[in-house]
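Asks: With the input below, show me the fold.
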Amino acid sequence: MPNQRAGRRSNSQDNEGWFLGIDLGTGSCKCVVVDSQAHILGFGTSDYASSTTQQKWNEQDPDSLLAGMVCSVRSAIEQSGVKATGCAGLSIGGAMHSLIALDHSGNPLTGVITWADGRGAPGAQAVRQSTQAAELYNQTGCPTHGMYPLYKILWLRQEHPALFAQAARFITAKEFVFRKLTGQEVVDYSLASGSGLLNTHTLKWNSLSLEVAGIRPDHLAQPSSPLKTFRSLDPSLAKAMGISSQTPAVLGSSDATNSNFGAGAVNPWQATCMIGTSGAFRIVAGQPTLDKQGRLWCYAIDESHWLVGGAINNGGITLSWLKDALNQTFSASPNKSEVSFDDLITLAGQVETGANGLICLPFFAGERSPNWNLNARAVFFGLTLQHDIRHIARSLLEGVAFRLRSLNEILSELVGDIGEVRASGGFTHSELWPQIIASTLNRNLLAPAWGETSCLGAAFWAMLGVGGISSFESAGDLITIGSLYSPIAKEATVYDQLYPIYAGLYESLKPAFDQIAQVQRGLALSTAEQNSRAR
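Replies: Sure, this is the predicted structure:
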């Protein structure tokens, strides 16, 4: 287990007054047990069972998330060896942009429609071409994009009117779990803000957004402070988790906010660079901060903090694509072991900076920030006979780094120079990728000793809610830096040469992106029709 601050404490020490931080992510639930000084006492994780009707990353079974939370909490507590009665507070962080429709009895009418689900894209595109787009962005801080629940609700209204008519509530995955745990119908400002339905200035539901979605305020829970605390848990769930039913449950925030919080990036001059399946580059600002061109988002955290930045669809998923492609291609070969992520990182490290002039535009899943282009497609540019799989692996890492550099540049335009960048997410498990990021950004990258920053950030909300820490900013004092990656001048020079080519390629390919996307949709439709006739 990675050490956080002084590391894991001995069980012989007093374990009273510990905290639970729960990260209800898209693919799994993670839980950390910490003491009052943020020493890591235990950690647990649990994957969710896949839905039988939808792909795991698009729509999930709500009950599987609840089961995953119970399992991860129980595992973390068992590993920590703490006294079950000693939990001073818990908080749950939730993945952003999810949606569940509930009927009047509180039963789900849909699965958990995740951020990756693309069914809201046509509605978002129609709004994007209207005069409402700029007004919606200025009010909500959310660019017009199909990932936002606003457009998923619009899709339900247009494509499934009978189901839409049955819906009494539209909630997030975290709200579903929190309601089961506490009996309370409430949503934190950050998740509400990430729906496209909250006015980021007033912290109230936005009338224009409700009009576009075709819903009323009573279809949604009450937006509330992340410090709102509840002190009565469902007894059966509390018992299954291994805690007292009187444990204070602090509402907390989103996984995105918690990633910054748990990395100690709590001041406007500190950014978090996150790469997991996707990626993000963001800061915490003291006021709503909007980009006139709508390239970045601005989500409320509480009455005095806003999360400002951009997210990319293509982070670790780019390596997943290459890993899966190689394993599928050679799966029939005798005695062939599967290629792992570590194998790909090792291959990438065997070639020089810049992958011998091979540039990747890593738009395998379209693009979010800064251009919000769902038609963007992945491109390898500069391939010659001198390139091999090692160069392709490295160009993927560098292509993602270029995406984050573009966000850093735009964010710096908006808020001024960012003095410090902290790392968060799975990419910190390697040495190569953080070094590539540091040299591409040409600035130091600080990796906290404890890499699971989102669940640690959730634990900080629990501590803040019951008075264990004094302020949002003071949490930064509890973070120990485990690694420092400084830019290497020679590498930075190479990336400075390649980055303008990368940026120019994107601009020149915009028309072709639209054309090939249209062709691909037509081919997919034709294939579907042929398969339907064959059946």
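Asks: which residues in the stretch 1-150 of the chain form helices?
Replies: With helices called from DSSP state H, counting those that start in this stretch, the stretch 1-150 of the chain shows them at 62-80, 121-128, 132-140, 149-159.
Asks: closest to residue 373 out of those helices?
Replies: Of all those, helix 121-128 sits nearest to residue 373, with 10.7 Å by Cβ to Cβ. For the C-beta atoms, the positions are set from N, CA and C on the backbone; glycine is no exception.
Asks: in that closest one, what's buried?
Replies: Going by neighbour count (16 or more other Cβ atoms under 10 Å), the buried part of helix 121-128 is 121, 122, 123, 124, 125, 126, 127, 128.
Asks: for the third one, what are its contacts?
Replies: Residues near residue 123 by Cβ atoms under 8 Å, 6 or more residues apart in numbering: 146, 151, 154, 155, 158.
Asks: Tell me if I'm right that the third one and residue 121 touch.
Replies: Going back to what we said before, that points to residue 154. No: if you go by Cβ atoms under 8 Å, residue 154 and residue 121 don't touch, sitting 10.7 Å apart.
Asks: Is residue 317 in contact with residue 378, as I believe?
Replies: No: in this structure residue 317 lies outside contact range of residue 378 using Cβ under 8 Å: 10.6 Å.
Asks: looking at the protein, which helix or strand is least sure?
Replies: Scoring the helices and strands of the chain by mean pLDDT, DSSP states H and E places strand 59-60 at the bottom, with a mean of 86.
Asks: partners of that strand, with directions?
Replies: strand 112-113 (antiparallel) (DSSP bridges).
Asks: Work out which residue lies at the spatial centre of the protein.
Replies: residue 256 (5.6 Å; Cα atoms, centre = their mean).
Asks: contacting residues for that residue?
Replies: 96, 190, 194, 280, 282, 299, 307, 311.
Asks: between those, which has the most around it?
Replies: Most neighbours among those, by other Cβ atoms under 10 Å: residue 194, with 31 neighbours.
Asks: returning to that earlier point: what about the contacts of residue 256, which are in strands?
Replies: 280, 282, 299, 307, 311 (DSSP state E).
Asks: Run through this structure and note the low-pLDDT ranges.
Replies: 1-16, 50-57, 331-335, 535 (pLDDT under 70).
Asks: longest helix anywhere in it?
Replies: helix 489-534 (DSSP state H).
Asks: Work out the gap between it and the centre of the chain.
Replies: What separates the centre of helix 489-534 from the centre of its chain is 23 Å, taken as Cα atoms, centre = their mean, to the nearest Å.
Asks: Skipping adjacent residues, who's closest to residue 433 in space?
Replies: In this structure, residue 433 finds its nearest non-sequential neighbour in residue 427, 4.5 Å apart by Cβ to Cβ, 6 or more residues apart in numbering.
Asks: separation between that neighbour and residue 318?
Replies: Taking Cβ to Cβ, to the nearest Å as the measure, residue 427 falls 11 Å from residue 318.
Asks: that older thread, keeping just the C-alphas, turn the one helix or strand the residue nearest to the centre of the chain maps to into CSV.
Replies: Element membership for residue 256 (DSSP states H and E) is helix 255-263. C-alpha atoms of helix 255-263 as CSV (Å, rounded to 0.1, in the frame of the first residue of the first chain):
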residue,chain,number,x,y,z
ASP,A,255,-15.1,12.8,-7.9
ALA,A,256,-13.6,15.6,-10.0
THR,A,257,-13.7,18.1,-7.1
ASN,A,258,-12.4,15.3,-4.8
SER,A,259,-9.5,14.6,-7.1
ASN,A,260,-8.2,18.2,-6.6
PHE,A,261,-9.1,18.1,-2.9
GLY,A,262,-7.2,14.8,-2.3
ALA,A,263,-4.2,15.9,-4.3
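Asks: what sits against the closest residue to residue 222 other than its chain neighbours?
Replies: Spatial nearest neighbour of residue 222, excluding adjacent residues (Cβ to Cβ, 6+ apart): residue 186 at 5.7 Å. Residues near residue 186 by Cβ under 8 Å, 6+ apart: 175, 178, 221, 222, 224, 228, 251.
Asks: Do I have it right that the fifth one meets residue 188?
Replies: If I follow you right, that is residue 224. Yes: applying Cβ under 8 Å, one finds residue 224 in contact with residue 188, separated by 6.3 Å.
Asks: Can you say which of the contacts of residue 123 are buried?
Replies: 146, 151, 154, 155.
Asks: circling back: any chance of the contacts of residue 123 in JSON lines, plus distance to residue 416?
Replies: Below are the contacts of residue 123 laid out as JSON lines (distance: Cβ to Cβ, whole Å):
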{"residue": "146", "distance to residue 416": "32"}
{"residue": "151", "distance to residue 416": "32"}
{"residue": "154", "distance to residue 416": "36"}
{"residue": "155", "distance to residue 416": "39"}
{"residue": "158", "distance to residue 416": "42"}
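Asks: Specify which member of the residues you listed is nearest to residue 491.
Replies: residue 146 (36.6 Å).
Asks: Surely that closest one and residue 126 touch.
Replies: No: the pair residue 146 / residue 126 is not scored as a contact, 10.5 Å apart, by Cβ under 8 Å.
Asks: Just flag the most distant two among the buried ones among the contacts of residue 123.
Replies: Maximum distance among the buried ones among the contacts of residue 123 (Cβ to Cβ): 9.3 Å, for 146 and 154.
Asks: Provide the count of other residues in contact range of the residue nearest to residue 25 when sequence neighbours are not counted.
Replies: The shortest distance from residue 25 to any non-neighbouring residue, by Cβ to Cβ, 6+ apart, is to residue 95 (5.3 Å). Neighbour count of residue 95, defined by other Cβ under 10 Å: 23.
Asks: For residue 425, see how far away residue 95 is.
Replies: Applying Cβ to Cβ, the value for residue 95 to residue 425 is 13 Å.
Asks: just to revisit the earlier point, please identify the most buried of the helices of the stretch 1-150 of the chain.
Replies: helix 149-159 (a mean of 24; mean count of other Cβ atoms under 10 Å).
Asks: I'd like the next helix or strand past it.
Replies: helix 161-166.
Asks: intersection of neighbour lists for residue 146 and residue 154?
Replies: The overlap between the contact sets of residue 146 and residue 154 (Cβ under 8 Å, 6+ apart) consists of 120, 123.
Asks: Now do the SS call for the residue lying closest to residue 316 once chain neighbours are set aside.
Replies: Nearest non-adjacent residue to residue 316, counting by Cβ to Cβ, 6+ apart: residue 277, 5.2 Å away. What DSSP: H, G, I helix; E, B strand; the rest coil gives for residue 277 is coil.
Asks: number of nearby residues for residue 277?
Replies: Using other Cβ under 10 Å: residue 277 sits among 20 other residues.
Asks: ok now do it, which residues does it touch?
Replies: 26, 27, 315, 316, 317, 320.
Asks: and if you look at residue 99?
Replies: 110, 112, 113, 149, 152, 153, 170, 171, 172, 195.
Asks: ok, these vs residue 243, which is closest?
Replies: Top of the list for closeness to residue 243, among these and by Cβ to Cβ, is residue 172 at 23.0 Å.
Asks: now that closest one: how far from residue 23?
Replies: Distance of residue 172 to residue 23, given as Cβ to Cβ: 14 Å.
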